[in-house]
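1. sequence unknown, structure follows:
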Ligand SMILES: Cc1cc2nc3c(=O)[nH]c(=O)nc-3n(C[C@H](O)[C@H](O)[C@H](O)COP(=O)(O)OP(=O)(O)OC[C@H]3O[C@@H](n4cnc5c(N)ncnc54)[C@H](O)[C@@H]3O)c2cc1C
């Protein structure tokens, strides 16, 4: 596919080189999926090329191509090698940004060149007690002099049994106050060769992970030097969360590769598959499915690389990355369902990679934070980052047509606060927003009074049966209100609230 106009020549060359490289290793990679072996030799080759240093600055042995570069690696690896690609992306995610952003100079010098050179790594968060609730980590790290002693277990770790480096989150405090503030976790990075006591408990057979191990680890009195702690003690949760945007963007980039692979198989395949004397590509349902996959590919590719560029420009991408991770998983599964259908029985056997894409698209809903976890983050961020986009729009009755219309200007002249003016405002709200309460701030748009005075006035109307209030559980005071039926009748005669379109009025059977 064509490069984006903002890619540098260095990035374009990297993208093209990756494409050629992954094609060159395709047979070997595919073989390891049948044999279910971890492709150590291929990993070494990738290390020699320095591809894993895409997002690492040149001074630390990387290629200095930013998040754009690491997304290119994710896309191109996954176009050919969804299995191997998982480790590549996992490796880039395995604490890379955390070291770059939170590590000290000595740590950057110690770990970044190794990552760039293809050392296998694993990110070690999940436990039986800590899945979506990642703060529930129970693996303990007890400080003894200049060492931390780690004890506990982890699970679902990509690269378990083969990783040379672990980025670990452990619990350093059981103080309820610290737990409440999410200051009970600490991050560590260790080279396997420098510690003892980390063993693989078991390798899980996970859907779509044919040549890449995923397993559980046991930590038995593992001594980690204080120098290998990333950030301060208690900052682990913050460090984990800060890394998510980069990770989720890269994970989403993998789905671009999957979509390209789907098109690259199903179109030529169905050109060659003759049923009823015609290629199955001529069948409209197959053409529709191909069009759907192309639609998703285009949307994903544009969004991922725009987000990566935003990251490279140091913009806050928490909303973008959460949207991408949730949507790319859903899109990939939809597309994989359609791709398998276009290829019939060949879509669900091992001899073509479409089956693997179908499976890996499902794991995408869970790995790297579930779709629901991404959507929880996204939901919270809408309120934090976009308050001006979710302002309530004031509505008024239009003097000409008598129906509610949106009004973006402030009320020209506010009323003074009294029981009557408040009831009048609540009654007017019934006309334009029937069924909705008014917040204190909504009321203050119409009445010139401070919040406490409005609250007191609402309580007065409620006591008289003229309003109904929503009471805030924390304060025990009204935070929203509407006119009661009695209030509506007191404020205006029934005709005031009536609104009929002309043609309805003209119907003689109407009463
Ligand atoms: C293929 C794969 C690779 C992985 N690789 C790694 C790795 O390398 N390192 C690592 O540390 N971990 C890894 N994981 C673990 C992964 O991060 C967790 O599986 C994931 O965070 C979900 O945790 P869980 O499986 O315990 O599900 P649970 O947390 O038990 O969730 C079960 C379901 O409940 C939903 N749910 C839970 N809480 C809420 C809530 N508050 N609101 C709404 N919905 C909720 C979830 O979204 C999910 O649908 C991997 C997982 C997979 C499948």
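-> Right, received. Where do you want to start? Keep in mind it's a predicted model, so treat the numbers as computed, not measured.

2. Going by C-alpha atoms from here, please, whenever you check contacts or count neighbours.
-> Will do.

3. what's the burial count for the closest residue in space to residue 217 that isn't next to it in sequence?
-> Of all residues not flanking residue 217 in the chain, residue 200 sits nearest, at 4.5 Å (C-alpha to C-alpha, 6 or more residues apart in numbering). The number of residues packed around residue 200, counting by other C-alpha atoms under 10 Å, is 17.

4. Torsion angles phi and psi at residue 200?
-> phi -90, psi 120 (degrees, to the nearest 10).

5. contacting residues for it?
-> Neighbouring residues of residue 200 by C-alpha atoms under 8 Å, 6 or more residues apart in numbering: 160, 161, 215, 216, 217, 218.

6. does the residue in the chain sticking out farthest from the centre sit in a helix, a strand or a coil?
-> Farthest-out residue of the chain from its mean C-alpha position, per C-alpha atoms, centre = their mean: residue 508, at 57.7 Å. Of the three states, residue 508 takes coil under DSSP: H, G, I helix; E, B strand; the rest coil.

7. Please determine how far it is located from residue 499.
-> 17 Å (C-alpha to C-alpha, to the nearest Å).

8. before we move on, back to that, the residue farthest from the centre of the chain: what's it in contact with?
-> By C-alpha under 8 Å, 6+ apart, residue 508 has no neighbours at all.

9. List phi and psi for it.
-> According to degrees, to the nearest 10, residue 508 has phi -70, psi -20.

10. The chain should start at 14 in everything you say after this.
-> Yep, numbering from 14; the last one is residue 521 now.

11. Of the contacts of residue 213, which is the most crowded?
-> Ranking the contacts of residue 213 using other C-alpha under 10 Å puts residue 173 first, with 27 neighbours.

12. and that one, what are its phi and psi?
-> Dihedral angles for residue 173 - degrees, to the nearest 10 - are phi -60, psi 140.

13. Would you check that it makes contact with residue 217?
-> No: counting by C-alpha atoms under 8 Å, residue 173 sits too far from residue 217 to count as a contact (9.6 Å).

14. where do the contact lists of those two overlap?
-> 226, 227, 228, 229.

15. Out of these, which comes closest to residue 262?
-> Set against residue 262, the nearest of those by C-alpha to C-alpha is residue 227 (21.6 Å).

16. so that closest one makes contact with residue 176?
-> No: in this structure residue 227 lies outside contact range of residue 176 using C-alpha under 8 Å: 10.6 Å.

17. Show me which of those two is the more surrounded one.
-> Legend: neighbour count by other C-alpha under 10 Å for residue 227 and residue 176, higher for residue 227 (22 against 19).

18. How about the residues of the stretch 314-463 of the chain by the ligand?
-> 376, 379, 380, 381, 382, 383, 385, 386 (C-alpha under 6 Å from any ligand atom).

19. again, only this time at 8 Å
-> Residues of the stretch 314-463 of the chain lying close to the ligand by C-alpha under 8 Å from any ligand atom are 373, 376-386, 389.

20. picking that back up, now the contacts of residue 213 in JSON lines, with secondary structure and pLDDT?
-> Listed next are the contacts of residue 213 as JSON lines, based on DSSP: H, G, I helix; E, B strand; the rest coil; pLDDT from 0 to 100:
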{"residue": "173", "secondary structure": "coil", "pLDDT": "90"}
{"residue": "174", "secondary structure": "coil", "pLDDT": "89"}
{"residue": "228", "secondary structure": "strand", "pLDDT": "93"}
{"residue": "229", "secondary structure": "strand", "pLDDT": "96"}
{"residue": "230", "secondary structure": "strand", "pLDDT": "97"}
{"residue": "231", "secondary structure": "strand", "pLDDT": "97"}
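
21. tell me which of those is nearest to residue 158?
-> For these, the nearest to residue 158 is residue 231 (23.1 Å; C-alpha to C-alpha).

22. these two touch, right, that closest one and residue 174?
-> No: contact criterion C-alpha under 8 Å: residue 231 and residue 174 do not qualify, at 11.1 Å.

23. ok so, going back, among the residues of the stretch 314-463 of the chain next to the ligand, which are located in helices?
-> Judged by DSSP state H, those include 373, 376, 384, 385, 386, 389 as members of helices.

24. count of residues packed around the fourth one?
-> As a burial measure, residue 385 scores 13 neighbours (other C-alpha under 10 Å).

25. same deal with residue 311?
-> Neighbours around residue 311, by other C-alpha under 10 Å: 13.

26. of all the shared contacts of residue 173 and residue 217, which comes closest to the ligand?
-> residue 227 (6.8 Å; C-alpha to the nearest ligand atom).

27. For this structure, which residues are neighbours of the ligand?
-> Counting by C-alpha under 8 Å from any ligand atom, the chain sits next to the ligand at 103, 107, 135-147, 167-172, 219-222, 227, 373, 376-386, 389.

28. and with 5 Å instead?
-> Counting by C-alpha under 5 Å from any ligand atom, the chain comes close to the ligand at 136-139, 144-145, 169-171, 380-383, 385.

29. List the buried residues in the helix or strand where residue 33 lies.
-> For residue 33, the element it lies in under DSSP states H and E is helix 22-37. Judged by neighbour count using 16 or more other C-alpha atoms under 10 Å, the buried positions of helix 22-37 are 24, 25, 27, 28, 31, 32, 34, 35.

30. Between residue 231 and residue 174, which contacts overlap?
-> Common neighbours of residue 231 and residue 174 (C-alpha under 8 Å, 6+ apart) are 212, 213.

31. Remind me what the worst-scoring helix or strand of the chain on mean pLDDT packs against, helices and strands.
-> Counting by mean pLDDT, DSSP states H and E, the weakest-scoring helix or strand in the chain turns out to be helix 515-519, with a mean of 72. Identification of packing neighbours for helix 515-519 by 3 or more C-alpha pairs under 8 Å, 6 or more residues apart in numbering; DSSP states H and E yields no helix or strand.

32. Other residues contacting it?
-> Helix 515-519 has contacts (C-alpha under 8 Å, 6+ apart) with residue 523.
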